[in-house]
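Asker: Quick one: sequence and predicted model below, then my questions.
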Amino acid sequence: HIPRPPNCFILFRTYRIRNIGATERQANFSKMLAEEWRNLSQAERDVWKERAEAKSRLHKEMYPDYKYRPVRRTSKP
């Protein structure tokens, strides 16, 4: 399985989790980070967008034939 390249919010979230740690419940922490993301200036968001684009380019080099195919999950009876 080849993972999808991360988008700008995922990179931001990963960075914040690593640097401040998750001391709260995951749901509360995610809400806090989403609010923090919404309050970023456009210039700050552009930094994360550039990082995501760089990751995407690297992903294309590593997996040139990659095409996103969602995994179909079957429900168990």
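Answerer: Arrived safely.
Asker: where along this protein do the helices fall?
Answerer: 8-20, 26-38, 42-62 (DSSP state H).
Asker: tell me the most buried of the ones you listed?
Answerer: helix 8-20 (a mean of 14; mean count of other CB atoms under 10 Å). Quick note: C-beta positions are derived from backbone N, CA and C, even for glycine.
Asker: which residues touch that helix?
Answerer: Counting by CB atoms under 8 Å, 6 or more residues apart in numbering, helix 8-20 makes contact with 6, 29-30, 33, 36-37, 40, 45, 48-49, 51-52, 55, all of which sit outside it.
Asker: returning to that earlier point: looking at the helices of the chain, which is nearest to residue 69?
Answerer: Taking CB to CB, helix 42-62 is the member of the helices of the chain nearest to residue 69, at 14.9 Å.
Asker: CA atoms only for that closest one, dumped as CSV, please.
Answerer: Listed in CSV are the C-alpha atoms of helix 42-62, where the atom choice follows Å, rounded to 0.1, in the frame of the first residue of the first chain:
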residue,chain,number,x,y,z
GLN,A,42,-2.4,33.6,4.5
ALA,A,43,1.4,33.9,4.6
GLU,A,44,1.7,31.3,7.3
ARG,A,45,-0.6,28.9,5.4
ASP,A,46,1.4,29.5,2.2
VAL,A,47,4.5,28.1,4.0
TRP,A,48,2.6,24.8,4.7
LYS,A,49,1.2,24.8,1.2
GLU,A,50,4.7,25.0,-0.2
ARG,A,51,5.8,22.1,2.0
ALA,A,52,2.9,20.0,0.9
GLU,A,53,3.7,20.8,-2.8
ALA,A,54,7.3,19.7,-2.2
LYS,A,55,6.1,16.5,-0.6
SER,A,56,3.8,15.9,-3.5
ARG,A,57,6.6,16.4,-6.0
LEU,A,58,8.8,13.9,-4.1
HIS,A,59,5.9,11.5,-3.9
LYS,A,60,5.5,11.7,-7.7
GLU,A,61,9.2,11.0,-8.2
MET,A,62,9.1,8.0,-5.9
